[in-house]
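In: Below is the sequence, then the predicted model.
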Amino acid sequence: MEYQCYDNRELSWLKFNARVLEEAEDVTNPFCERLSFASIFQSNLDEFFGVRVGSLYDQMLISEDIRDNKTNMTCREQLYAIFEQVKLLTQRKDAIYAALDRGLEERGIDIVSYGEMDAKDTAFLDAYFEHEVRPLLAPQVVGKKQPFPFLRNKAIYAVVILGPKKTVKSGKNGKSIKTGKSDKLGIVPCSIDVLPRLVRMPDHPNRYMLMEELILHYVAQIFTHFEIKSKSLIRILRNADIDPDEEMYDDDTDFRQVIEQLVSKRRRLCPIKLEYSREMDDSVIALLCKYLKLKKNYVFRSTSPLDVSFFSKLSDILRSDKTLFYPKYSPQIPEEYNNRRSMMEMIEEKDRFLFFPYESIDPFLRLLVEAAVDPDVVSVKMTLYRVANDSKVIEALIRAAENGKEVNVLVELRARFDEANNIGWSRRLEDAGCSVLYGLDQLKVHSKLCLITKKKDDHISYITQIGTGNYNEKTSRLYTDFSLMTADQGIGEEANEVFTRMYLGEVMEETRYFMVAPKCLRNKILDRIDIQIERAKNGQSAYVGAKMNSLTDKVIIEKLIEASCAGVKIDLVVRGACCLIAGVPGKTENVSIRSIVGRYLEHSRIYIFGQDDPEVYIASADFMTRNTTRRVEVATPIFDEQIKNRVLHIFRVLMADNVKARIQLADGTYTHVKSGEEPLNAQEYFMQPENR
């Protein structure tokens, strides 16, 4: 059977989220970790609808002829294909929830309905609803004088069809007559911040009822003048695809204020998905779609709770049973850093490297703190995309500014869903005396770059840190990432030029060491693949290896197909969306693609060109068009042979994983690696210091 070489980005991403759902299903995972994967699946899907489906919806409104450049699908065709896959995923999720619910019950935790309560429980719920819940409710009957309410993103609502309450009045001559009005729609918000999502039964410490189920049960006591003809729970997702318009980049516009306005606007964007539980009559769905301005394709039914974020609360209840969780692991500080020597001295001695989350971010934090107080340090420059809520990185930068250092920080205000957080940090940095840049017109700054400049006896020297992940202490314990720290003067000078260009609102036109998007990354990748193509044509060994989150850049994909046809061996580790299909006869026979979904989120990026004496880079950029052409990204070469060999070793181990790795087949589906060899879970392997 002949298969295409390309997969649709959105459908490929749904395959990735299916792999996340598989982890919730996998009984070899500790039980509470399965709960966590189920929650991650839902939050992933919520964001996918808000961003990707929202973007397709917006494009469809602009033109019916906008097409995916890899599969030639229109936006409408992509949306319909997405909806079909999401319906299948929802059915699978519901089955997995039922299994997890049974698992909770086996461990003494019951999520029950009103009908499963005993007399004491129902008496408690009667009183609890009347005195604690009802006073906080804001029910509404939709009518001419009560318009359909604004429904908050991701909030849960009880929806009821209200019929006329049949009453009997006395008519003339003592005859009885019936009166009534037409059916109405009633809505009750169930997501109330001051009320717990899980209502605990006092006589059964681990028996709970979901708040929305409680409200739905008592809905007849809310709408006392109506007959309840049907009832259900709904949840909507709103479009979250916001970007500043061109006019918002006007020189007279405060960009931070623009982003604040956009964040506020996001809360009010149009609905993009309606979920409901229980059976709901088609006429009711049609009515809701009319009010929400949705088509029925955007409506999905689920038999499981519409929001499973409460799983984290249940995991906390079970925390005492260590067998229900992954064995505890704390990031280690490598022995080379376990001394009283200055970090800057050690980096000036030789390049240093950190591998998160197996190794701690503390040595890098120590470097920043040293820079803040070292009298020879004159400036610190840094790019910030996402930082922790209680950021030690920010604290170190503020301390440096307070100590008289020149601190220049580029805070990317457009980091999706972190805009408000970054706005707050930008203000705090400015208040401390730091010089803050908010990003570049039309380009997000996604690079992970820090430059410490020293001056001693009229001699300028640099310490440069280049990473693959954010300067975030929390995610450094959850994501796999790399951090290179070097005193190489050439690297330092080029890093300084990158910052200078950004401060001038420009981009790098040429580079000597780095690959820097948007103008000096994709072309350099293509050039290096071309070298491997020529080697293969000349009968020499030729190899390309890469690890990334996603692969969607068609220009790079076409070059990889060309390389495969020329005989170049290509190994790719792509965690998420992958628009290239491996193993297609005559096209991608020399390409191997695998995805690893496990305990940690695989986030590091590696580029390898050549086999005998390879060029090795670590980078902030995936092979995605947005990274290669619409962002400022930095990839750095690894010059230190010991570190280079270490990165190559890490890549080889990932390619050898036969526990959490799925390999892509020629039809675009993924299957677990089947191997008769000893099981190798790469993430567990790297937890042992001797294996890193």
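Out: Yep, that arrived.
In: can you give me the helices for the stretch 251-400 of the chain?
Out: If DSSP state H, counting those that start in this stretch is used as the criterion, the helices of the stretch 251-400 of the chain fall at 255-266, 282-292, 311-317, 343-349, 362-373, 392-402.
In: List the contacts of the third one.
Out: Pointing back at helix 311-317 there. 32, 35-36, 38-39, 100, 104, 109, 197-198, 206, 324-325 (Cβ atoms under 8 Å, 6 or more residues apart in numbering). In this view, the C-beta of every residue, glycine as well, is placed from N, C-alpha and C.
In: make it 6 Å
Out: Contacting residues not belonging to helix 311-317 are listed as 32, 35, 39, 109 [Cβ atoms under 6 Å, 6 or more residues apart in numbering].
In: Including mean pLDDT, distance to Tyr337 and mean neighbour count, could the helices of the stretch 251-400 of the chain go into TSV?
Out: Putting these into TSV (pLDDT from 0 to 100; distance: least, Cβ to Cβ, whole Å; neighbours: other Cβ atoms under 10 Å) gives the following:
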stretch	mean pLDDT	distance to Tyr337	mean neighbour count
helix 255-266	68	37	16
helix 282-292	92	55	16
helix 311-317	96	33	16
helix 343-349	96	7	16
helix 362-373	97	4	20
helix 392-402	96	16	21
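In: For stretch 89-99, give me every contacting residue.
Out: Residues outside stretch 89-99 that contact it (Cβ under 6 Å, 6+ apart): 24-25, 300, 302-304.
In: Looking at neighbours, which among those is most surrounded?
Out: Counting neighbours by other Cβ atoms under 10 Å, Ala24 comes out on top of the contacts of stretch 89-99 with 25 neighbours.
In: Quick check: longest helix in the protein by residues?
Out: The helix that spans the most residues within the chain, counting by DSSP state H, is helix 75-106.
In: where do the helices sit along the stretch 501-650 of the chain?
Out: 522-537, 554-566, 625-629, 641-656.
In: Max pairwise distance over the contacts of helix 311-317: which two?
Out: The most widely separated members of the contacts of helix 311-317 are Ser39 and Ile109, with 15.6 Å between them, by Cβ to Cβ.
In: The longest helix of the chain: which residues count as buried?
Out: 75, 77-79, 81-83, 85-86, 89-90, 92-93, 96-97, 100, 103-104 (16 or more other Cβ atoms under 10 Å).
In: Same question for stretch 144-161.
Out: 151, 153-161.
In: Arg134 in helix, strand or coil?
Out: Recorded secondary structure, Arg134: helix (DSSP: H, G, I helix; E, B strand; the rest coil).
In: Let me know the pLDDT of it.
Out: The confidence metric pLDDT takes the value 96 at Arg134.
In: Which of the contacts of helix 311-317 fall within helices?
Out: The members of these that map onto helices under DSSP H are 32, 35, 39.
In: Let me have the residues you listed in JSON lines, extended by distance to Ile222 and pLDDT.
Out: Putting those into JSON lines (distance: Cβ to Cβ, whole Å; pLDDT from 0 to 100) gives the following:
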{"residue": "Cys32", "distance to Ile222": "36", "pLDDT": "98"}
{"residue": "Leu35", "distance to Ile222": "32", "pLDDT": "98"}
{"residue": "Ser39", "distance to Ile222": "30", "pLDDT": "97"}
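In: Just give the nearest non-adjacent residue to Glu279, would you?
Out: Nearest-residue entry for Glu279: Ser232, 7.6 Å, with adjacent residues in sequence omitted and distances by Cβ to Cβ, 6 or more residues apart in numbering.
In: check which helix or strand covers the one you found.
Out: In this assignment (DSSP states H and E), Ser232 forms part of strand 226-238.
In: Neighbouring strands of that strand in the sheet, and parallel or not?
Out: When pairing is defined by DSSP bridges, strand 226-238 lines up against strand 156-164 (antiparallel), strand 271-276 (antiparallel).
In: Turn the ones you listed into JSON lines, including distance to Ile192 and mean pLDDT.
Out: Formatted as JSON lines, these follow (distance: least, Cβ to Cβ, whole Å; pLDDT from 0 to 100):
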{"stretch": "strand 156-164", "distance to Ile192": "10", "mean pLDDT": "93"}
{"stretch": "strand 271-276", "distance to Ile192": "19", "mean pLDDT": "96"}
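In: Including distance to Thr588, could those strands go into TSV?
Out: Formatted as TSV, the strands paired with strand 226-238 follow (distance: least, Cβ to Cβ, whole Å):
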stretch	distance to Thr588
strand 156-164	45
strand 271-276	34
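In: Leu299 is in contact with Leu274, isn't it?
Out: Just to correct that, residue 299 is Val rather than Leu. Yes. Between Val299 and Leu274 a contact is recorded at 4.7 Å, counting by Cβ atoms under 6 Å.
In: Please enumerate the strands of the stretch 351-500 of the chain.
Out: For the stretch 351-500 of the chain, strands defined by DSSP state E, counting those that start in this stretch occupy the ranges 352-356, 377-384, 406-411, 435-437, 444-445, 449-456, 459-467, 479-486.
In: Make CSV out of those strands and add mean neighbour count and distance to Tyr685.
Out: As requested, those are arranged in CSV below (neighbours: other Cβ atoms under 10 Å; distance: least, Cβ to Cβ, whole Å):
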stretch, mean neighbour count, distance to Tyr685
strand 352-356, 22, 12
strand 377-384, 22, 32
strand 406-411, 22, 36
strand 435-437, 18, 41
strand 444-445, 22, 34
strand 449-456, 21, 29
strand 459-467, 21, 22
strand 479-486, 24, 12
